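K.L.:
The sequence and its predicted three-dimensional model are supplied below.
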Amino acid sequence: MTSREVFDSEPVDREWAPRMTDALRTVIAEGLEREGVGFEISSIECRTASCRVELAMPEAQAAMARTVLSTTAAPGRMSSKQMRGPDADGRSTIVSHGVFDPEIRDPAAYRRFIIDNQPRFQEILELQRKQEKL
């Protein structure tokens, strides 16, 4: 099963989903703002162990936004990202589906995971910055 298929088939866990949605919204916004990506979180929806995130941003910042999403949204074994655009206004959209590994499914554990892995994520983001300059 793909991460999108898992998401589409899951019921909503009414206790977990809103807490994880809030945690994702905060972590993704912080990461994108830190990298200077002008973005709009179009939607975030969590179910039982998976979430779907949709972001819109200027086309020129889409690669960096995708990298930030890769290091923050469902950093587990199963995730997928689809790019759309640019539209007539020069904005692209990224739709990401991810399934959280059991050890980071709790929102507090997820936040700790992001904090603990920040140095590694910064290395990945630095590589993206270098590629953008080429």
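P.N.:
Arrived safely, thanks for sending. Residues are numbered from 1 along each chain as shown.

K.L.:
for the protein, what spans make up the strands?
P.N.:
With strands called from DSSP state E, the chain shows them at 40-46, 50-58, 78-84, 91-99.

K.L.:
Low-confidence stretches in the chain?
P.N.:
73-77, 134 (pLDDT under 70).

K.L.:
Now do the helices in it.
P.N.:
Along the chain, counting by DSSP state H, helices occupy 3-9, 16-34, 62-72, 107-116, 118-133.

K.L.:
of all those helices, which lies closest to residue 83?
P.N.:
helix 62-72 (6.4 Å; CB to CB). C-beta: built from backbone N, CA, C; applies to glycine.

K.L.:
Against which helices or strands is that closest one packed?
P.N.:
Other elements packing on helix 62-72 under the criterion 3 or more CB pairs under 8 Å, 6 or more residues apart in numbering; DSSP states H and E are helix 16-34, strand 50-58, strand 78-84, strand 91-99, helix 118-133.

K.L.:
Pipe these into a markdown table and attach mean neighbour count and distance to residue 68 per row.
P.N.:
Compiled in a markdown table, the helices and strands packed on helix 62-72 are given as follows (neighbours: other CB atoms under 10 Å; distance: least, CB to CB, whole Å):
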| stretch | mean neighbour count | distance to residue 68 |
| --- | --- | --- |
| helix 16-34 | 17 | 4 |
| strand 50-58 | 22 | 9 |
| strand 78-84 | 16 | 11 |
| strand 91-99 | 22 | 10 |
| helix 118-133 | 12 | 7 |
